[in-house]
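Student: mind folding the following:
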Amino acid sequence: MTLAGFLAGSFPTGYLIAKSRGIDIRTVGSGNIGATNVGRILGPKAWLLCFAIDLAKGLLPTLAAGIAGGTAGRLFMPPIDAWGWLLAMLGPILGHMFCPWLGFKGGKGVATGLGSLMGVFPALTLPAAAAFAVFIAALAAWRYVSLAAMLAAASLPFSVWAFFAFCDAQHWFPAGRSDDAAGPTPFIALTALVAALVILRHRANIARLLAGSEPRLGVARARRDP
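Tutor: Residues are numbered from 1 along each chain as shown. Got it, this is the predicted structure:
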């Protein structure tokens, strides 16, 4: 399932959308194939299309893996089931970040990562929604898409811990709850890994933020950044 997810995630959405308009998205703006760069170059409709497809290519394979493995809808499960589902979740994210059709270069994993996290229902669905709320709040405050994405990613492991603690205290999702259930540890570990990957993929953005040259939301950028 991880390999199938990787292949689904490797679909180069932004590249193909831009190519259909005669543009190689890798040579304009930030050079990234993700929705943010597509939106800056091609406008909000292209951004929405790219974001929706990138989110779906994370959500659908991950949810399908949970349904196939009998883990969808369960919060507590045996460790082997939890790790198997989480590795399946990781597949689309890695496929998007390291697209084999584009020389193992790809996007930064924000939309696909959000979709993949939402697909691990319910364990990561609400934490993903909380991270998205962090993204919106940070974007509204500073208007830096990259900074908002990194703050949202960094919040994920804490949101997962809080969600499990709350559900356990309220005795929600009792199915699979036993002494040998995995608990929150695998979910915290994998979301921490995803957060680290997303932040690492924003290295160039971090450099531009520190230099004061990172464009804010709504500012077009046509040149190719290093």
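Student: number of residues surrounding residue 131?
Tutor: Other residues near residue 131 come to 27 when the count uses other C-beta atoms under 10 Å. Glycine gets a C-beta too; all of them are placed from N, C-alpha and C.
Student: contacting residues around it?
Tutor: 114, 117, 152, 153, 155, 156, 159 (C-beta atoms under 8 Å, 6 or more residues apart in numbering).
Student: at 10 Å instead, please
Tutor: 113-114, 117, 124, 149, 151-160, 191, 195 (C-beta atoms under 10 Å, 6 or more residues apart in numbering).
Student: helix or strand right after the host helix or strand of it?
Tutor: Following DSSP states H and E, one finds residue 131 within helix 125-142. Counting by DSSP H and E, the next helix or strand C-terminal to helix 125-142 is helix 145-170.
Student: quick one: average pLDDT of that next one?
Tutor: For helix 145-170, the mean pLDDT works out to 95.
Student: same check, this time on stretch 39-53
Tutor: Rounded mean pLDDT across stretch 39-53 is 97.
Student: next: stretch 62-75.
Tutor: 95.
Student: can I get that stretch as CSV, trimmed to CA atoms?
Tutor: Extracted in CSV, the C-alpha atoms of stretch 62-75 (Å, rounded to 0.1, in the frame of the first residue of the first chain):
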residue,chain,number,x,y,z
THR,A,62,-4.6,6.7,2.7
LEU,A,63,-8.3,6.2,3.5
ALA,A,64,-8.4,3.2,1.1
ALA,A,65,-5.5,1.6,3.0
GLY,A,66,-7.4,2.1,6.3
ILE,A,67,-10.5,0.6,4.9
ALA,A,68,-8.6,-2.4,3.4
GLY,A,69,-6.8,-3.0,6.6
GLY,A,70,-9.9,-2.6,8.8
THR,A,71,-8.4,0.3,10.8
ALA,A,72,-10.5,3.2,9.4
GLY,A,73,-12.8,4.6,12.1
ARG,A,74,-10.7,3.2,14.9
LEU,A,75,-8.6,5.3,17.3
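Student: just the buried residues of it, please?
Tutor: Using 16 or more other C-beta atoms under 10 Å as the test for burial, stretch 62-75 gives 62, 63, 64, 65, 66, 69, 71, 72, 74, 75.
Student: same question, stretch 138-148
Tutor: 138, 139, 144, 145, 146, 147, 148.
Student: and it, how far apart are its ends?
Tutor: Using C-alpha to C-alpha, to the nearest Å, one end of stretch 138-148 lies 5 Å from the other.
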